[in-house]
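Peer 1: what's the 3D shape of this:
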Amino acid sequence: MAVESATILEVGCASGANLIPHAIHYPHATFIGVDIDREAIAQASSDAVALGLQNISFHAMSLQDIGDQFGALDYVIAHGVYSWVDGDVSAALLDLCTCQLSDDGLAYVSYNVLPGWSMVANVRDMLCFVGEQESDLVEKVKLARTAMDVAVKIAVDNKLDTAPLFEEEYHYICRSPDGYVAQEYLANHNHAFYFKQFIQYIDKKDLNYVSDALMAANDPDQFMTYEGLIRYEQYRDFSRQRRFRASIMSKHKPKYSDLYVSWLPDHTRVMLNMVLPSFRQNNPQAYGMEAVMSDIGDVLSPLGSVGMTIVQLATALRCSLEQLKMLVVDLAFQGVLRLSLDKVKSVLVVSEYPKACAWVRLQAARSKEISTPTIERVVLADEEQEVLCLLNGQYSIADLISIISSNFNQAEVKVDKGQKQALEAMLQKFAVQGMLVA
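Peer 2: The predicted structure is shown next:
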């Protein structure tokens, strides 16, 4: 089912940071958000009204109360739900997918997996212990962060075997928002299991594994038979000590020979994800395009989260579109590139009267932590939040400098009057993050 006209349900939608940008991109699709957090649902509903969105609704209700009131669903999204609820609720999620998915519908379900999570479980147990006598969740998170500071210092200073694990987890927690730390490390429920067990669970519900949502987590060379894929994926989890999965499911077993290259539309957006050491040389699957390999990173790097369509990339590289499609898919499997079918309306050229999309300005007015139109989490600095709130298209760059300089004297915003270049650099950063519009 094409997303443009699909019905999409997100379970555990929180305040709509994932659904709202999609509702903006796809005005003819129907979006439904469900969460038990009434405050989050109230915020999501308020934002949808403020943005004038007619194709999205939010409902404060339990997953177990979802029946057929929303009709057949083309897509079901459940990120951060399955491992973090009790067994009855996780079973209800799979029942929902079985009963309400359309015949060609897809479900996305994320969860923690063994064996990788077993190592992290020790850290979680420690953080739960530290905060067990504190009832306030905000304080629990503060205690958890302090405990990690102490634990990693002890492990490193004493050269303990646990030092690498604590260091990795410490940096992961440092860059994670409080809400994530609360759910992943402090919540009552956090169940991890082997991939093969998850397959057994969904098999009982007449659902089938399609692939991992992240292309870099898949191996296209192993897509031969369904049973062979399942065994191979479990083996890879063992060898890589994998801790997290985001699986896509359907009612029918997919034909893997038909996947990936054959369906790659010309409007697929291509973005640079990372540069691997082997990216520019000695790639075993360059499809006769070794010369092009060295140029892809140079072309995509300045474009950030916006990227360009695969047709535009082929034009820029002056190469065959069909050969480029094969190369791009292979690089996406390697984790070098990201692919998206979203038709982003962002602009990369900063105008004299810069304008940020309404969704971004709405978030920045109340928080430094925002979700971009390309569904990426961004934490704004004080001056970035100040500027972003002003980008309604009515102020020129000169006006912005004047306003911010005036605020600087009152609110200590660190943008000097003469720093036009600094402001333009900030605006360009917003552009490559997909936040500016025409």
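Peer 1: contacts, neighbours, all on C-alpha from now
Peer 2: Noted.
Peer 1: Buried residues, whichever helix in the chain runs longest. List them.
Peer 2: Secondary structure of the chain read by DSSP state H shows that its longest helix is helix 137-157. Within helix 137-157, the residues that qualify as buried are 140-141, 143-145, 147-149, 151-152, 155, counting by 16 or more other CA atoms under 10 Å.
Peer 1: contact partners of it?
Peer 2: With contacts defined as CA atoms under 8 Å, 6 or more residues apart in numbering, helix 137-157 is touched by 127-128, 130-131, 134, 161-163, 166-167, 170, 173-174, 178, 181-182, 186.
Peer 1: same deal with stretch 32-50?
Peer 2: With CA under 8 Å, 6+ apart as the test, stretch 32-50 has contacts from 7-16, 19-20, 54, 56-63, 362.
Peer 1: quick one, the helix or strand just after the longest helix of the chain and helix 137-157 angle?
Peer 2: For helix 137-157, the succeeding helix or strand toward the C-terminus, using DSSP states H and E, is helix 163-174. Interaxial angle of helix 163-174 relative to helix 137-157 (axes from the mean of the first three to the mean of the last three CA atoms, to 10 degrees): 150 degrees.
Peer 1: which other helices and strands contact helix 163-174?
Peer 2: Counting contacts by 3 or more CA pairs under 8 Å, 6 or more residues apart in numbering; DSSP states H and E, helix 163-174 is packed against helix 116-130, helix 137-157.
Peer 1: Now render those as a markdown table, adding mean pLDDT and distance to Val85.
Peer 2: Converted to a markdown table, the helices and strands packed on helix 163-174 look like this (pLDDT from 0 to 100; distance: least, CA to CA, whole Å):
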| stretch | mean pLDDT | distance to Val85 |
| --- | --- | --- |
| helix 116-130 | 92 | 16 |
| helix 137-157 | 94 | 18 |
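Peer 1: Would you reformat those helices as TSV and include distance to Ile32?
Peer 2: Listed next are these as TSV, based on distance: least, CA to CA, whole Å:
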stretch	distance to Ile32
helix 116-130	31
helix 137-157	28
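Peer 1: Go through those and name the closest to Ile404.
Peer 2: helix 137-157 (32.4 Å; CA to CA).
Peer 1: Could you check the angle that closest one makes with helix 116-130?
Peer 2: Between helix 137-157 and helix 116-130, the angle comes out at 120 degrees (the same axes, to 10 degrees).
Peer 1: thinking again about what came up before, out of the helices and strands packed on helix 163-174, which is closest to Ala332?
Peer 2: helix 116-130 (23.3 Å).
Peer 1: The closest one packs against which elements?
Peer 2: Applying 3+ CA pairs under 8 Å, 6+ apart, we find helix 116-130 packed against helix 137-157, helix 163-174, helix 226-240.
Peer 1: so can I have JSON lines of those helices showing distance to Val299?
Peer 2: JSON lines is the format used below for the helices and strands packed on helix 116-130 (distance: least, CA to CA, whole Å):
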{"stretch": "helix 137-157", "distance to Val299": "40"}
{"stretch": "helix 163-174", "distance to Val299": "30"}
{"stretch": "helix 226-240", "distance to Val299": "32"}
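Peer 1: Hmm, Leu186 and Trp84 touching each other?
Peer 2: No. Using CA atoms under 8 Å, Trp84 is not in contact with Leu186; the gap is 10.5 Å.
Peer 1: More neighbours: the two, which one.
Peer 2: Each of Trp84 and Leu186 has its neighbours counted (other CA atoms under 10 Å); Leu186 has more, 23 against 19.
Peer 1: So the more buried one sits against Arg124, correct?
Peer 2: Yes. Counting by CA under 8 Å, Arg124 is a contact partner of Leu186 at 6.9 Å.
Peer 1: where are the low-confidence patches of the stretch 1-150 of the chain?
Peer 2: For the stretch 1-150 of the chain, the stretches with pLDDT under 70 are 1.
Peer 1: residues near Ala72, how many?
Peer 2: Using other CA under 10 Å, Ala72 has 18 neighbouring residues.
Peer 1: OK, contacts around it?
Peer 2: Ala72 is in contact with 7, 100-102, counting by CA under 8 Å, 6+ apart.
Peer 1: Surely Tyr75 forms part of a strand?
Peer 2: Yes. With DSSP: H, G, I helix; E, B strand; the rest coil as the criterion, Tyr75 is part of a strand.
Peer 1: Let me know the distance separating it from Gly33.
Peer 2: Distance of Tyr75 to Gly33, given as CA to CA, to the nearest Å: 12 Å.
Peer 1: Overlap of the contact sets of the two?
Peer 2: With CA under 8 Å, 6+ apart, Tyr75 and Gly33 have common neighbours Leu9.
Peer 1: which residue ranges form the helices in the stretch 1-150 of the chain?
Peer 2: Taking DSSP state H, counting those that start in this stretch, the helices of the stretch 1-150 of the chain run over residues 19-25, 38-50, 87-100, 116-130, 137-157.
Peer 1: Could you dump those helices into TSV with distance to Thr268 added?
Peer 2: Converted to TSV, the helices of the stretch 1-150 of the chain look like this (distance: least, CA to CA, whole Å):
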stretch	distance to Thr268
helix 19-25	14
helix 38-50	27
helix 87-100	27
helix 116-130	33
helix 137-157	40
